[in-house]
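Colleague: Give me a model of this one.
(chains A and B)
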Amino acid sequence: MQQFLAVLIDAVNYASWLFIVASGLTLIYGVMRILNMAHGSLYALGAYTAASFVGFWSTHGYFPAGVFLMLIAAAVTVGVIMGPLIERGLLRLLYGKDEIVLLLATYALFLILEDVIKLGWGVDAYYVSQPYGLLGNVTLAGLSYPLYSFVVVGVAVAIGVGLSWVLNGTQRGKLLKAVIHDREVSQTLGINVSRYYMVTFTVGAILAAIGGAFTAPQISVSLGIGVEVIVLAFAVVVIGGLGSLPGAALGALIVGLARSLAVHYWPAVELFCVYFVMALVLVFRPQGLFAAPELRKI
Amino acid sequence: MSKRLDPALAVFLALLAALIAFAAWLPAWAQSLLSIALATGMVVLGLTLLMRTGLVSFGQSLYLCLGAYAAGILNSKYGVTDMIIAVGAGALVAGVVAFLLGFLMATYRHIFFATLSLAFSMILYGLLVKSADLGSTDGFNLTAPTIMGIKLEGALSQRYKLILGAVLAAIATIGLWRYLRTPLGRLAPAIRDNELRVEYMGASVRHAVHVKYTIAGLLGGIGGALAALAVGHIDPDSMAYWTVSGELVFIAVLSGSASVIAPFLAAAVFETLRMLAHDYSPNTWQLSLGAAMLLLILFLPGGLASVLVRRSREPAP
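Modeller: Sure thing, here's the model as predicted:
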């Protein structure tokens, strides 16, 4: 029983992390039909920037709890700078092209950003343990957990609720849905589609960076974290259905649970099981669990 | 429909013949570079065949890796050191897997084809990193290969790997060139342009894609086995991880799909640049790669092939 509870807690923690990253990916795909491979680099940029910001804050000895603000500030900085830069500077030139061309373009961007990070922060690993140490541990079902990992769960829930509220409950969200439904008709009705695209991409970039920033305290921020996360986030959004927010949440939970079960009961299949689940879902529902199938064009 | 050999292909075959004849005079680094480029070109040849059909596989490392491991396992675990058997085994294993997965893949298109192929390649990666018998993430070394019972050592071994690669590249390009002139081969661009009309015409799109997918897998396996022989070492990170597939896609974009020799040229360009970058600027290699890819997408979407193949009346493969 205790072990089963531990499996569940690990699954939820892992799923929250996955959901934060995957939500931005699925948002961008849903609105712009871009499967953004550079998402992994934005995640890594968020983590590195968070490391720098938290380091700065700590060495200057301001009040300790401010490090959490620094995590958010780092994510917003990365998103607000990189989002418009990428969308206006590159992706805008490729709208209307095949989805695969856009996938390749963002892959090229991913390669560029990987080296930009290397040039900016060097090849050494960074450690951002301050927010982690600040909160201490909690005991749950006889097992000790760092309280920080539940902060990440909270952030994931807040993002999920926040995004659904914006999409379903506000006028802008409804307009965005119109853009998703039919870009050209929305434009003729006076919606500034290119601004919606830019804002969407920026929000997606911020979400990726939040994922990185809030993960930074739990890991050593080193080269290659973006490479690892993007393919996992891919698995999550593909399982849930590209462009679907509830799908991303469900996908994150499925992947989280699969991995957690594997780690606890059969560690040899840890990586294998994630992609096995992905392939299994794709075999039976190519469009993922939540997305509607596309109509064939004649 | 001309039966005559395409001039660009003829020049390429002449180059390969020259390479075989003068392999002994090439410096060791050039032999090694060209062996790897020929191996990579073989895998990319398969990718461009899929691209002609409008499909981009983001998991072609699956077949590269299957071919490499089939050759490697035979070589170092069972002591079958013959190079030709190694390549045959790589082709067989990859071809059979591609044929089986092809039943499924042939029904997928666009982004779904890309993601499902990615998933399959990552499944293999996940299996390999945990298999202690095959050295997990460290992989294992191959023992010195032989060819038709002749022991090869040092420089001689290097030369025969190059010659084998060149011979196979010649066979593959001629074979694919001929295939692309058959009715089934000619369906590729039609499927890319409009699948439904191809079906109205009475052709089975699913069957055509299945055949192309199997050929691509087969070529991937041959390339993988050649790469394993050329490098002498195999491990999951440099054979199966998704970044390997990404590199292959990059070379395929650089190559373009309109010519059967462009993949080999693109692979040679890529491997040369990688060697130079490794020596002069290791920290900006990916940056230059990415920038080059963006420029290609924006300004030369047809790749090197579009330069090689002049727009003639006949859509040349």
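
Colleague: how much space between B:Met83 and A:Val237?
Modeller: 43 Å (Cβ to Cβ, to the nearest Å). Where you see a C-beta, it was placed from the backbone N, CA and C, and this is true even at glycine.

Colleague: Ok, A:Asn168 next?
Modeller: Distance from A:Asn168 to A:Val237, by Cβ to Cβ: 19 Å.

Colleague: quick one on the thing from earlier: neighbour count winner among B:Met83 and A:Val237?
Modeller: Between B:Met83 and A:Val237, A:Val237 has the larger neighbour count (other Cβ atoms under 10 Å in any protein chain shown), namely 32 against 23.

Colleague: In what element of secondary structure is the residue nearest to the more buried one when sequence neighbours are not counted found?
Modeller: Ranked by Cβ to Cβ, 6 or more residues apart in numbering or on different chains and with sequence neighbours excluded, the top spatial neighbour of A:Val237 is A:Thr26, at 4.5 Å. Under the criterion of DSSP states H and E, A:Thr26 resides in helix A:2-32.

Colleague: now do A:Val238
Modeller: Using DSSP H and E, A:Val238 falls in helix A:225-240.

Colleague: Could you list every helix and strand in contact with that helix?
Modeller: helix A:2-32, helix A:39-59, helix A:99-121, helix A:193-215, helix A:245-265, helix A:270-284, helix B:110-129 (3 or more Cβ pairs under 8 Å, 6 or more residues apart in numbering or on different chains; DSSP states H and E).

Colleague: Can you add mean pLDDT, mean neighbour count and distance to B:Val167 and give those back as JSON lines?
Modeller: Converted to JSON lines, the helices and strands packed on helix A:225-240 look like this (pLDDT from 0 to 100; neighbours: other Cβ atoms under 10 Å in any protein chain shown; distance: least, Cβ to Cβ, whole Å):
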{"stretch": "helix A:2-32", "mean pLDDT": "85", "mean neighbour count": "23", "distance to B:Val167": "45"}
{"stretch": "helix A:39-59", "mean pLDDT": "86", "mean neighbour count": "25", "distance to B:Val167": "40"}
{"stretch": "helix A:99-121", "mean pLDDT": "86", "mean neighbour count": "21", "distance to B:Val167": "32"}
{"stretch": "helix A:193-215", "mean pLDDT": "88", "mean neighbour count": "25", "distance to B:Val167": "48"}
{"stretch": "helix A:245-265", "mean pLDDT": "85", "mean neighbour count": "22", "distance to B:Val167": "45"}
{"stretch": "helix A:270-284", "mean pLDDT": "82", "mean neighbour count": "20", "distance to B:Val167": "36"}
{"stretch": "helix B:110-129", "mean pLDDT": "84", "mean neighbour count": "24", "distance to B:Val167": "28"}
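
Colleague: Residue numbers of the stretch 151-298 of chain A in contact with chain B?
Modeller: Within the stretch 151-298 of chain A, the residues that sit near chain B (Cβ under 8 Å from any Cβ of the partner chain) are A:227, A:231, A:234-235, A:238, A:242, A:267-276, A:278-279, A:282-283, A:286-287, A:296-298.

Colleague: 7 Å instead?
Modeller: Along the stretch 151-298 of chain A, the residues adjacent to chain B under the rule Cβ under 7 Å from any Cβ of the partner chain are A:227, A:231, A:234, A:238, A:268, A:271-272, A:275-276, A:278-279, A:282-283, A:286, A:296, A:298.

Colleague: need the strands for the stretch 201-317 of chain B, in chain order.
Modeller: B:233-234 (DSSP state E, counting those that start in this stretch).

Colleague: To clarify, my last question referred to the stretch 51-200 of chain B.
Modeller: According to DSSP E, counting those that start in this stretch, the strands that the stretch 51-200 of chain B contains are B:140-141, B:146-147, B:150-151.

Colleague: quick one: the second one to chain centroid distance?
Modeller: Between the mean C-alpha point of strand B:146-147 and the mean C-alpha point of its chain there is a distance of 23 Å (Cα atoms, centre = their mean, to the nearest Å).

Colleague: ok, now which ones touch the closest residue to A:Val153 other than its chain neighbours?
Modeller: Setting aside the residues directly before and after it, A:Val153 is nearest to A:Ser16 in space (Cβ to Cβ, 6+ apart), at 4.4 Å. Residues counted as contacts of A:Ser16 (Cβ atoms under 7 Å, 6 or more residues apart in numbering or on different chains) are A:152-153, A:156.

Colleague: Please identify, among these, the one with the most neighbours.
Modeller: Among the contacts of A:Ser16, A:Ala156 has the most neighbours (other Cβ under 10 Å), with 26 neighbours.

Colleague: re the thing from before, possible to save the contacts of A:Ser16 as JSON lines with pLDDT?
Modeller: Shown next, in JSON lines, are the contacts of A:Ser16 (pLDDT from 0 to 100):
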{"residue": "A:Val152", "pLDDT": "83"}
{"residue": "A:Val153", "pLDDT": "87"}
{"residue": "A:Ala156", "pLDDT": "89"}
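
Colleague: if we take the residues you listed, which one ends up nearest to chain B?
Modeller: Checking those against chain B with Cβ to the nearest Cβ, the nearest one is A:Ala156 at 23.2 Å.

Colleague: Look at that closest one and tell me its secondary structure.
Modeller: For A:Ala156, the assignment made with DSSP: H, G, I helix; E, B strand; the rest coil gives helix.

Colleague: do stretch B:227-243 and chain A meet?
Modeller: Yes. Using Cβ under 7 Å from any Cβ, stretch B:227-243 reaches chain A at B:242-243.

Colleague: got it, and stretch B:195-215?
Modeller: Yes. For stretch B:195-215 and chain A, the contact criterion (Cβ under 7 Å from any Cβ) is met by B:Leu196.

Colleague: what's the average pLDDT for that stretch?
Modeller: What stretch B:195-215 shows for mean pLDDT is 85.

Colleague: With just CA atoms, put it into PDB.
Modeller: Taking C-alpha atoms only, stretch B:195-215 is exported to PDB below (Å, rounded to 0.1, in the frame of the first residue of the first chain):
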ATOM      1  CA  GLU B 195      -3.400  10.900 -52.500                       C
ATOM      2  CA  LEU B 196      -7.100  10.700 -53.200                       C
ATOM      3  CA  ARG B 197      -6.600  11.300 -56.900                       C
ATOM      4  CA  VAL B 198      -4.100   8.500 -57.000                       C
ATOM      5  CA  GLU B 199      -6.600   6.200 -55.500                       C
ATOM      6  CA  TYR B 200      -9.300   7.300 -58.000                       C
ATOM      7  CA  MET B 201      -6.800   6.400 -60.700                       C
ATOM      8  CA  GLY B 202      -6.900   2.900 -59.400                       C
ATOM      9  CA  ALA B 203      -3.500   2.600 -57.600                       C
ATOM     10  CA  SER B 204      -3.200   1.500 -54.000                       C
ATOM     11  CA  VAL B 205      -1.500   4.300 -52.100                       C
ATOM     12  CA  ARG B 206      -1.100   2.200 -49.100                       C
ATOM     13  CA  HIS B 207       0.700  -0.500 -51.000                       C
ATOM     14  CA  ALA B 208       3.000   2.100 -52.700                       C
ATOM     15  CA  VAL B 209       3.900   3.700 -49.400                       C
ATOM     16  CA  HIS B 210       4.500   0.300 -47.800                       C
ATOM     17  CA  VAL B 211       6.900  -0.600 -50.600                       C
ATOM     18  CA  LYS B 212       8.800   2.700 -50.200                       C
ATOM     19  CA  TYR B 213       8.900   2.400 -46.500                       C
ATOM     20  CA  THR B 214      10.400  -1.100 -46.700                       C
ATOM     21  CA  ILE B 215      13.000   0.100 -49.200                       C
END
